[in-house]
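A.B. asks: kindly return the folded structure for what I paste below:
(one chain, ligands or ions: 2)
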Amino acid sequence: MKRRNKSSVFASIRMAARAHHVLTVGTILCVASSVVASLLPPLLLAHIIDGLTAGLPLTLWAVLAYFCSLALEGVLSSAQESLLVLFGQKMTHALRSEMSHKLTQLPASTLVDQNPGEVAARFSGDVDTVEALFTSGIISMVADACRILSIMAVIAVKNTGLALILLLVLPLFAAFTRHVQRRMLAAQLDNRRAVAAVSGQVPETLHNIRTIRALGTEAYMERRYDKRIADGYAAMERTNFYDAIYSPVVLLLNAVVVAIVMLLSASGNATVLTLFGMSVGTSVAIINYISRIFAPIESLGMEIQTIQSAMAGVKRIDAFLTQPERTIPGERQKAARGDVELAHVTFGYGEKQVLNDFSMTVHQGEQVTLIGRTGAGKSTIFKLLLGLYPPESGSVTIGGVPVADITDRERRTCISCVEQHFARVPGTVLDQITLGDPQITAEMAKNAAQLAGIDTAICALPDGYDTVCSEGMFSQGEWQLLSIARAAAADPAVLLLDEITANLDAETEARVLDALRRASEGRTVLSVSHRIYENLGGRTVEIKIL
Ligand code: ATP
Ligand code: MG
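C.D. replies: Ligands and ions are numbered 1, 2, ... in the order given. Below is the predicted model of the structure:
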C-alpha cells in the first residue's frame, strides 16, 4: 500500500476503504436495505390484524409475506453484522501495518523515551477500539439514526399523538444519554491509562527479575503492581456502573410510553382520540414500533460510547503516528569508506550536555581506543557514529559521508558495533548472525562464525546453525563471540567495540581478544576498554567528562 508522509488514523482508513471499495459499497448497501427491511414486519402485521378485525379471512399469502419480511429482516441484519466485522478487520489491518511501519521510522531518541507497555497498548487495545468503531460504532450509528427517523415518520402518520409524546421524550432521553456518556468516557480514559501502566509493569519486572530477586524487592514490585491494578479496577467499576444503569432506564421508558399511549387511546374522549385513536392492527404495530425505536436509541447510546472510546484510541494512535520521523537518506552510488571523523560535535540528551565542540579523526585501518571516566560519553560517541542520534552541531562522517546519509541497507557493511551484552533476537543461531538480512548468506554467516571462533561450538549443537536459540545455550564468552560474528558477517569497514570483555574471566577474555584481533584485521576499529587497548595496541583518545 502507498504511504504518505503525514499519516493519521482517518487518512489510513480512507485509503483502506478506497482499496477495498467493493466491500465498502457492499456494506453501505446492506446497511441501507437492512434499515428499510426493519420497517416492513409491523406494517404487514397491522394489515393482517386489521383485516381479521374487519372479518376478512386470513390468506396464506399474507402470512407468508409477514414471515418472509421477518426472515428478510433477520438475514439482512446478520449480513450487516458480518460485513461490518469484515470491514472493520480490513481497516484495522491497514492501521496496524501503518503503525508498524511508523515504528521503523521513529528516531532512536524517540524510541528510548517510549514506555514499551504504552506502545504495546496502542497496537492492541487502542486499535481494537478503532475496530469497534466499524463493527459497532459509526456505521451502525448511522443505520440506527435512520431507523429512528423512519420509525418516527411511520408513527407520525399512524398516530400523531404518540409522535408528539416521542418528540418530547426523546430529547430528554438524549440528554440523559449524553450525561452518562461523558462520565463513561472519563472513566474509560482512566482505565486505559491504568491498563497501559499495568502492562508496562510486567515486561519491566521480567526484564529486571534478576535484580529484583537479588535485592529481595519482590514485595516492593508487588505493591506497585497492586496499586496500578487497583487504579484500573476503580476506573473499570465506574464504567460498569454507568453501563449497568443505562439499559434499565431505557426499558422503563419504553414501558411508560406504551402505557400512556394505550391509556389515552382507550380514554374514549373524542378530542384525545383525534390524536391517539387507532385501529387494533395499528395499535399492535405501534407497540412494535415503540420497542423498535427504543432499541436503536439504546444501541445509539452504546454506539456513541464506542465511538467516544474509539476517539480516545484514535487520539492516542494519532499522537503516535504524527511523531516526527527520522530522515531517510536517498541511495548513493558510492559506499561510505575512509576516515571516521567527528568535527566540532556538540551533543546532549535533552538538558544534559555530554559533548561540547568535540573533534576526533580515526584514519582508515587505524585502531583507536577511547578512554575516559564513566559517563564521559564514550558510548555516546558510538551512538553518534551509528547515526542513532544527530549531533546538535558539528558533523559526524565516515569517508566524508555524514552518517545520517548512510542508508539502512548500507549501514551493516559500513559500520557495526559489538556491545557488552548480546541482544538475542527470536530465532535460530543463524538468525542471530544474519538478523534476517537477505544480503548475508549462510556461507557468509559461517565464515563470520569461524572468524569469531564460535563455529565449532555452533556445529556441536543438535541442529547446528538451525538450532533455535535459548538463554542458557551459550556461556557469556560464547555469546560475545557470537556478537563478534554478527558484527563481522557483513564485513563492515568500521568496527565499534564497547566494553565487550568487561564481564569475562581471563581465559574467555583471551579467546574473545583473539577473535577480535582476527575480526579487526583490515578494518578501522574504535574500542572502549583498557584491556583491548593493551592487547590490540594502537592510539588512545581521551574523552573528558563535562
Ligand atoms: P561508561 O564508561 O560508564 O559506559 P560512557 O562514557 O559510555 O560511560 P555514556 O553512556 O556515553 O557514557 O553517557 C554519557 C552521559 O550521557 C551519561 O551521563 C549518561 O547518564 C547520559 N546518557 C546516556 N544515554 C542517555 C539517554 N538515553 N538519555 C539521557 N541521558 C543519557
Ligand atoms: Mg559506555
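
A.B. asks: confidence score at the residue of the stretch 151-300 of the chain at minimum distance from ligand 1?
C.D. replies: At 16.2 Å from ligand 1, residue 207 is the closest residue in the stretch 151-300 of the chain, using CB to the nearest ligand atom. Using the backbone N, CA and C atoms, a C-beta is placed for each residue, glycine as well. Among the per-residue scores, residue 207 shows a pLDDT of 86.

A.B. asks: now residue 43
C.D. replies: At residue 43, pLDDT is 88.

A.B. asks: ramachandran angles for it?
C.D. replies: Backbone geometry at residue 43, expressed as degrees, to the nearest 10, gives phi -60, psi -40.

A.B. asks: pull the contacting residues for it.
C.D. replies: Applying CB atoms under 8 Å, 6 or more residues apart in numbering, we find residue 43 in contact with 154, 285.

A.B. asks: which helices and strands does the helix or strand harbouring residue 379 pack with?
C.D. replies: Counting by DSSP states H and E, the element that carries residue 379 is helix 378-385. For helix 378-385, the packing partners by 3 or more CB pairs under 8 Å, 6 or more residues apart in numbering; DSSP states H and E come out as strand 340-349, strand 352-362, strand 367-371, strand 393-398, strand 494-498, strand 524-528.

A.B. asks: mean neighbour count for those - can I get that in CSV?
C.D. replies: What follows is the helices and strands packed on helix 378-385, written out as CSV (neighbours: other CB atoms under 10 Å):
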stretch, mean neighbour count
strand 340-349, 18
strand 352-362, 16
strand 367-371, 20
strand 393-398, 19
strand 494-498, 24
strand 524-528, 25
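
A.B. asks: rewinding a little: is ligand 1 contacted by the helix holding residue 379?
C.D. replies: Yes. Against ligand 1, helix 378-385 shows contacts by CB under 6 Å from any ligand atom at 378, 379, 380.

A.B. asks: counting neighbours, which of those residues comes out on top?
C.D. replies: With neighbours taken as other CB atoms under 10 Å, the top of the residues of helix 378-385 next to ligand 1 is residue 378, carrying 23 neighbours.

A.B. asks: what about residue 264, how many residues close to it?
C.D. replies: The number of residues near residue 264, taken as other CB under 10 Å, comes to 18.

A.B. asks: domain-wise, how is this structure divided?
C.D. replies: The chain breaks down by automatic domain parsing into domains covering 1-158+305-326, 160-277, 340-544.

A.B. asks: end to end, how far does the shortest one reach?
C.D. replies: By that I understand domain 160-277. 9 Å (CA to CA, to the nearest Å).

A.B. asks: go on, stretch 203-223?
C.D. replies: By CA to CA, the extent of stretch 203-223 from end to end equals 16 Å.

A.B. asks: what helix or strand is residue 438 on?
C.D. replies: Residue 438 belongs to no helix or strand, assigned by DSSP H and E.

A.B. asks: go on, residue 461?
C.D. replies: Applying DSSP H and E, one finds residue 461 in no helix or strand.

A.B. asks: what does the pLDDT read for residue 298?
C.D. replies: For residue 298, the predicted pLDDT is 69.

A.B. asks: can I get the residues of helix 378-385 next to ligand 1 in a markdown table including pLDDT and distance to residue 490?
C.D. replies: Putting the residues of helix 378-385 next to ligand 1 into a markdown table (pLDDT from 0 to 100; distance: CB to CB, whole Å) gives the following:
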| residue | pLDDT | distance to residue 490 |
| --- | --- | --- |
| 378 | 93 | 24 |
| 379 | 93 | 22 |
| 380 | 95 | 24 |
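
A.B. asks: now, which of the residues you listed sits nearest residue 524?
C.D. replies: residue 378 (16.5 Å; CB to CB).

A.B. asks: can you tell me how far the closest one is from residue 336?
C.D. replies: 22 Å (CB to CB, to the nearest Å).

A.B. asks: over to residue 408?
C.D. replies: Distance from residue 408 to residue 336, by CB to CB: 13 Å.

A.B. asks: surely residue 105 meets residue 326?
C.D. replies: Yes. The pair residue 105 / residue 326 is scored as a contact, 6.3 Å apart, by CB atoms under 8 Å.

A.B. asks: and these two? which has more neighbours close in?
C.D. replies: Between residue 105 and residue 326, counted using other CB under 10 Å, the more crowded position is residue 326 (19 against 16).

A.B. asks: apart from its chain neighbours, what residue comes closest to that one?
C.D. replies: Nearest residue to residue 326 in three dimensions, chain neighbours excluded: residue 107, at 4.1 Å (CB to CB, 6 or more residues apart in numbering).

A.B. asks: could you do residue 36 as well?
C.D. replies: residue 150 is the one closest to residue 36 (CB to CB, 6+ apart), at 7.7 Å.

A.B. asks: cheers, nothing more for now.
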